[in-house]
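J.: Below is the structure, and that's it, no one-letter string:
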């Protein structure tokens, strides 16, 4: 059997497969099942910035201020109590999970402004979790907000949190930044130890009959792996952070691709929600089988062998691959 053990954010993991934040971590018994199935670590579902504001009465203020002009604004935000336990109960939940399992447990904050993040990051740390994932979910809509300003907001937030807690911090980003390599490098300088690629933006649909926005969530597929795989291969070995690939890992082959591209670990959720926690040993077995067949002794030995760190001119390489992809259509249809 190959050595699947590795590390992430300075934490020792039995293998490089992590359960990402999802409904599967809402109950302690579910997390125990994840651990029993062989998961390497667990990211607990997120505490939302809007919830923190709601409990401090700020949300009521902002909603009331705009409701006179835009009555539909009352429908923008869900009943926050429906999708989270509440801030104090969330902390109790983290502490209970930390006591229930031996695998590393990572807390999660989801938001986009500095606000009360620093206070809550300290309170999350106090529960005994091993690390914190900052889930940056922002969609700039202001026409006068420049890309550099957006980057600065993210870097300032991360620096603020990292300066106030002692546990390692990973930052979960979206793919929609003007220069991901520069931003990720700056996040490392701000104190982050890892970056998670990527946060999935849940694309809304429109219901023409009811003139309503339908923000229904959808599960990922293996096809979604291509985007984070590409950026992992570009960044691996070039930025001072460890990379967790998230979005599209459904099989041992998908996890293998992530590691070959240079990811330290792979995060998984959709396939577990769709096919059950029993997918975990199947994914790990497939990874182990491939490594043995290709004579790799450990995960660390093969990690990054397909990354671009040894490419002399990554920009030219990306351009060449783009042209090759287009020419493949000629071979099929011309």
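T.: Perfect, I can see it now. Since this is a predicted model, take the numbers as computed values, not measurements.

J.: for whichever strand or helix holds residue 254, packing partners?
T.: Assigned by DSSP states H and E, residue 254 belongs to helix 252-261. Counting contacts by 3 or more C-beta pairs under 8 Å, 6 or more residues apart in numbering; DSSP states H and E, helix 252-261 is packed against helix 226-235, strand 265-268, helix 279-293, helix 299-302. (Glycine included, C-beta is placed from N, CA and C.)

J.: For residue 24, which of the ones you listed is the nearest?
T.: Closest approach to residue 24 among these (C-beta to C-beta): strand 265-268, 10.0 Å.

J.: next SSE after that closest one?
T.: Strand 265-268 is succeeded, C-terminally, by helix 270-275 (DSSP H and E).

J.: what residue ranges in the stretch 151-300 of the chain score low on pLDDT?
T.: By pLDDT under 70, the weakly predicted segments of the stretch 151-300 of the chain are 201-202.

J.: quick one: contacts of stretch 208-220?
T.: The contact list for stretch 208-220, computed with C-beta atoms under 8 Å, 6 or more residues apart in numbering, reads 200, 202, 204-207, 247-248, 250, 269-270, 273-274.

J.: and those as CSV, adding neighbour count?
T.: As requested, these are exported to CSV (neighbours: other C-beta atoms under 10 Å):
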residue, neighbour count
200, 22
202, 10
204, 11
205, 11
206, 10
207, 10
247, 24
248, 25
250, 22
269, 23
270, 21
273, 15
274, 12
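
J.: Let's see the pLDDT reported for residue 88.
T.: What the model reports as pLDDT for residue 88 is 86.

J.: Quickly find the element holding it.
T.: Going by DSSP H and E, residue 88 is in helix 87-100.

J.: For that helix, buried residues please.
T.: Neighbour-count burial for helix 87-100, with 16 or more other C-beta atoms under 10 Å as criterion, is recorded at 87, 90-91, 93-95, 97-98.

J.: And for stretch 139-156?
T.: Applying 16+ other C-beta under 10 Å to stretch 139-156 flags 150-151, 153-155 as buried.

J.: again, but for stretch 170-182
T.: 170-174, 177, 180.

J.: for the closest residue to residue 157 other than its chain neighbours, helix, strand, or coil?
T.: Spatial nearest neighbour of residue 157, chain neighbours left out: residue 114 (5.1 Å); criterion: C-beta to C-beta, 6 or more residues apart in numbering. Following DSSP: H, G, I helix; E, B strand; the rest coil, residue 114 is assigned to coil.

J.: For the protein, just list every one of the helices.
T.: 28-36, 49-55, 58-67, 87-100, 117-125, 147-162, 180-189, 226-235, 252-261, 270-275, 279-293, 299-302, 314-333 (DSSP state H).
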